[in-house]
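Participant: below are the sequence and a predicted model; questions follow.
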Amino acid sequence: MFKINPNIIFNESCLDSNKHKSILNIISLNLTELNRRQNKTNKIVYLDDEFKTTPTNDLDSDNVFVSDSINHFIYWSNQNSIEKNLWIEPYLHNIENIHYEPIIQVVNPKSKINDKNKDSIFNRFFNKKERFVKIFKGFYPIGFLETSQEELISESLSYLCTELDAWVK
């Protein structure tokens with residue numbers, strides 16, 4: 001039997017259903033990993049009638065990020081093997097557009113950097129970069145992909161982290 005992360009709020013009757021147990025396993029594995037990477041204890045609610053999670057705090061962007069990510073993983077886990085493979089590129093593209101690009105935009109050539117705001121801009125860049133690297137370096141969704149798919153995602157996200165690190169060398 002798998003261990004359910006104590007930060008998941010759910011209806012105990014879900015444990016009577018193999019479908020819900022499978023989903024709770026994916027939720028547990030990924031919630032544990034994302035909380036570890038963020039050094040937080042995000043809590044989420046599993047809505048068994050909708051087969052999805054919701055954040056316990058809509059105002060906490062980390063909590064929303066974790067819940068949204070896990071919902072994506074739940075849906076992704078329900079695809080057949082071929083379709084799971086087709087989801088990799090859009091997933092990576094989504095991370096690049098939503099999480100990676102805004103970091104680069106802080107110090108891109110269009111940024112108006114002058115002596116007065118230079119420290120502020122670079123501090124913002126470093127903070128965003130460090131958060132991205134902490135979350136995504138070596139990351140892959142857990143509990144439903146094949147090893148080769150996990151490795152591809154992990155390597156691709158680690159490459160983005162390496163690119164960010166190169167900006168500060």
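Facilitator: All right, it came through fine. Numbers count the residues shown, from 1 in each chain.

Participant: which segments of this structure make up each domain?
Facilitator: Per automatic domain parsing, the domain ranges recorded for the chain read 1-78, 80-169.

Participant: lowest average pLDDT across these?
Facilitator: Among the domains of the chain, domain 80-169 carries the lowest mean pLDDT, a mean of 88.

Participant: against residue 76, how distant is the residue sitting nearest the centre point of the chain?
Facilitator: Taking CA atoms, centre = their mean, the centroid of the chain lies closest to residue 69, which sits 5.1 Å from it. According to CB to CB, to the nearest Å, residue 69 and residue 76 sit 10 Å apart. Every residue, glycine included, has its C-beta placed from N, CA and C.

Participant: likewise for residue 135?
Facilitator: Using CB to CB, residue 135 is found at 18 Å from residue 76.

Participant: what of residue 85?
Facilitator: Separation of residue 85 from residue 76 (CB to CB): 11 Å.

Participant: again with residue 26
Facilitator: Look at residue 26 and residue 76: by CB to CB, they are 9 Å apart.

Participant: who touches both of these two?
Facilitator: Common contacts of residue 26 and residue 76 (CB atoms under 8 Å, 6 or more residues apart in numbering): residue 144.

Participant: for the host helix or strand of the residue nearest to the centre of the chain, name the packing helices and strands.
Facilitator: Element membership of residue 69, judged by DSSP states H and E, is helix 61-77. The contact analysis (3 or more CB pairs under 8 Å, 6 or more residues apart in numbering; DSSP states H and E) places helix 61-77 against helix 18-38, strand 44-47, strand 52-55.

Participant: which parts of that helix are buried?
Facilitator: By 16 or more other CB atoms under 10 Å, the buried positions in helix 61-77 come out as 62-74, 76-77.

Participant: ok, stretch 3-11 next?
Facilitator: Along stretch 3-11, these residues count as buried under the neighbour rule (16+ other CB under 10 Å): 4-5, 7-8, 10.

Participant: got a list of contacts for that stretch?
Facilitator: Residues external to stretch 3-11 that are found in contact with it (CB under 8 Å, 6+ apart): 24, 27-28, 31-32, 35, 41-46, 48, 53, 56.

Participant: so how do I select the buried members of the residues you listed in PyMOL?
Facilitator: The buried residues among the contacts of stretch 3-11 can be selected in PyMOL (16+ other CB under 10 Å) with this line:
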select buried, resi 24+27+28+31+32+35+42+43+44+46+48+53
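
Participant: residues near residue 91, how many?
Facilitator: Number of residues near residue 91 (other CB atoms under 10 Å) recorded here: 18.
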